[in-house]
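Asker: Return atomic coordinates for the entry below.
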Amino acid sequence: MRRVIYFLVAGALVIAFAWFLAGLPGQITAQFGSTTVQASTPVAATALLLLLLTLAVLYRVLAALFGLPRRTGVWRSRRRRTAGDTAVTRTLLALAAGEMDAARAHALGALDELYQAELWGEDTEAAARRRGIAEDLALAERYLVLTRERAA
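Answerer: The predicted model follows:
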């Protein structure tokens, strides 16, 4: 219901503005070198309004195009984060079910990273992070084993 009212109010404002423009008296003359353009005031005001609307749309399109790399990066980052969360969840579920041990889980999880290390050389920060992940997986496995033993 509100949308209908807003639409009717907007339509009434447009009609009122058009009526106001149609009632403007006068002529506008522009001269560019040897070319002269004459128009009535309502036509010139409408042309100016259309020019401003076109510039606003052009600005929005250019802003969207220049902002595209940032938005794409955010999208990729979010997608990688979701894939990582899914992988961690599957790994923890496999550990909990006893389908694999922590060493195998870490080896599967770090497969791509180890390939990159072979290809480009070892990064000490990445190696430290992999060691931390391996320790975390070992602790998770130990916790799950203790939980199963306690439940049995």
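Asker: What helix or strand is residue 143 located in?
Answerer: Element membership of residue 143, judged by DSSP states H and E, is helix 124-151.
Asker: other SSEs contacting that helix?
Answerer: In terms of contacts (3 or more C-beta pairs under 8 Å, 6 or more residues apart in numbering; DSSP states H and E), helix 124-151 is packed against helix 41-97, helix 102-109, helix 111-120. To be clear about C-beta, it is placed using only N, CA and C from the backbone, and glycine gets the same treatment.
Asker: right, so of these, which gets closest to residue 134?
Answerer: Shortest distance between residue 134 and those, using C-beta to C-beta, is found for helix 102-109: 4.5 Å.
Asker: Quick check: buried residues in that closest one?
Answerer: By neighbour count with 16 or more other C-beta atoms under 10 Å, helix 102-109 contains the buried residues 102, 105, 106, 109.
Asker: quick one: it to chain centroid distance?
Answerer: 32 Å (C-alpha atoms, centre = their mean, to the nearest Å).
Asker: which outside residues touch it?
Answerer: Identification of contacts with helix 102-109 by C-beta atoms under 8 Å, 6 or more residues apart in numbering yields 87, 91, 94, 95, 100, 130, 133, 134, 137, 138, 140, 141.
Asker: quick one: contacts for the fifth one?
Answerer: By that I understand residue 100. 94, 108.
Asker: quick one: it is in a strand?
Answerer: No: assigned with DSSP: H, G, I helix; E, B strand; the rest coil, residue 100 falls outside any strand and is coil.
Asker: Mind pulling up the pLDDT for it?
Answerer: Among the per-residue scores, residue 100 holds a pLDDT of 76.
Asker: how much space between it and residue 140?
Answerer: Taking C-beta to C-beta, to the nearest Å as the measure, residue 100 falls 12 Å from residue 140.
Asker: Tell me, how many residues neighbour residue 113?
Answerer: Neighbours of residue 113 under the rule other C-beta atoms under 10 Å: 15.
Asker: what's the answer for residue 129, then?
Answerer: A total of 13 residues lie near residue 129 under the criterion other C-beta under 10 Å.
Asker: one step back: now render the buried residues of helix 102-109 as CSV, adding distance to residue 19.
Answerer: Listed next are the buried residues of helix 102-109 as CSV, based on distance: C-beta to C-beta, whole Å:
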residue, distance to residue 19
102, 78
105, 74
106, 75
109, 70
